[in-house]
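Q: compute the structure for the input listed below.
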Amino acid sequence: EGKTLTAINCATVLAQQGAKVLLVDADLRQPSLHQAFNIPPSPGLSAILAGTCPEEQAIAQLDDMPYLTVLPSGTPPAYPAETLASQKMADLIQRWRTQYDHIVLDTPPLSMFTDAVVLGARADAALLVVRSAVTTKYALRRSRDLLQRANVNIAGVVLNGVDLRYQNGYYRSYGSRSKKAEGLIH
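A: Next up is the predicted model:
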């Protein structure tokens, strides 16, 4: 669906505006933020939660983005959902609220694991990320229902992968007008 790219983009835009942002790889099953930022995957969130590493050693400060801090996931724990549902995770989020303007959590897919529901209940808001022509209406409704039952504030839906070439004439003509207007500017 593009959930990790969406999390990266949201965190980056917020940081570029001068907000202090923590981007957390809370996908303890198939983490990927470390690859996107070319940082070591461990230590990370799982080590902090296990008490084997202080937070200062696990987070990565990015030289080219001073307002963005990245916390990789670390070594996958035996019980990811339980680890994220722990009181220690709740305490971390509360402490981060005092240190950062925004906390962006990249979670595993909601349709496959309960991790996102657990974290969503502790977040101010959640974005549902879906892929055009891939995510079914049933899966989207089911995800929405799961989040609503957990009292998660759904801020909106991000629709990724839309191919405007095959949409109705409005988008095709809109794109054509934009190209014409762009040609006039040069």
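Q: helices of this protein, residue ranges please.
A: 3-16, 33-37, 45-50, 55-58, 80-84, 87-99, 115-122, 137-149, 169-185 (DSSP state H).
Q: which of those sits closest to residue 24?
A: Closest to residue 24 of the helices of the chain is helix 45-50 (C-beta to C-beta; 6.2 Å). All C-beta atoms are positioned from the backbone trio N, CA, C, and that covers glycine.
Q: give the contact list for the spatially closest residue to residue 107 that is not a sequence neighbour.
A: Spatially, and ignoring its direct neighbours in sequence, residue 107 is nearest to residue 116 (4.0 Å; C-beta to C-beta, 6 or more residues apart in numbering). Residue 116 sits next to 107-110, 126 when contact means C-beta atoms under 8 Å, 6 or more residues apart in numbering.
Q: closest to residue 81 out of those residues?
A: Nearest member of the contacts of residue 116 to residue 81, counting by C-beta to C-beta, is residue 108, at 9.0 Å.
Q: wait, what's in contact with that closest one?
A: Per C-beta under 8 Å, 6+ apart, neighbours of residue 108: 26-30, 80, 115-116.
Q: residue 32 now?
A: Residue 32 touches 4, 25, counting by C-beta under 8 Å, 6+ apart.
Q: from residue 144, how far out is it?
A: From residue 32 across to residue 144, the span is 25 Å (C-beta to C-beta, to the nearest Å).
Q: of the contacts of residue 116, closest to residue 61?
A: Using C-beta to C-beta, the contacts of residue 116 come closest to residue 61 at residue 107, 22.9 Å.
Q: could you report the pLDDT at the closest one?
A: Reading off the confidence values, residue 107 has pLDDT 95.
Q: let me know how buried residue 158 is, in neighbour terms.
A: Using other C-beta atoms under 10 Å, residue 158 is surrounded by 18 other residues.
Q: okay, now the unreliable bits of this structure?
A: Along the chain, segments meeting pLDDT under 70 span 166-186.
Q: now residue 148: closest residue in space, sequence neighbours ignored.
A: Using C-beta to C-beta, 6+ apart, the closest residue to residue 148 is residue 154 (7.2 Å).
Q: residues contacting the one you found?
A: Contacts of residue 154 were listed using C-beta under 8 Å, 6+ apart, and they are 125-128, 144, 147-148.
Q: of those residues, keep whichever come out buried.
A: Among those, those buried by neighbour count (16 or more other C-beta atoms under 10 Å) are 126-128, 147.
Q: make TSV from the contacts of residue 116 and add distance to residue 10 to it.
A: Converted to TSV, the contacts of residue 116 look like this (distance: C-beta to C-beta, whole Å):
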residue	distance to residue 10
107	13
108	17
109	17
110	17
126	12
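Q: residue 125 and residue 163: what is the separation?
A: According to C-beta to C-beta, residue 125 stands 28 Å off from residue 163.
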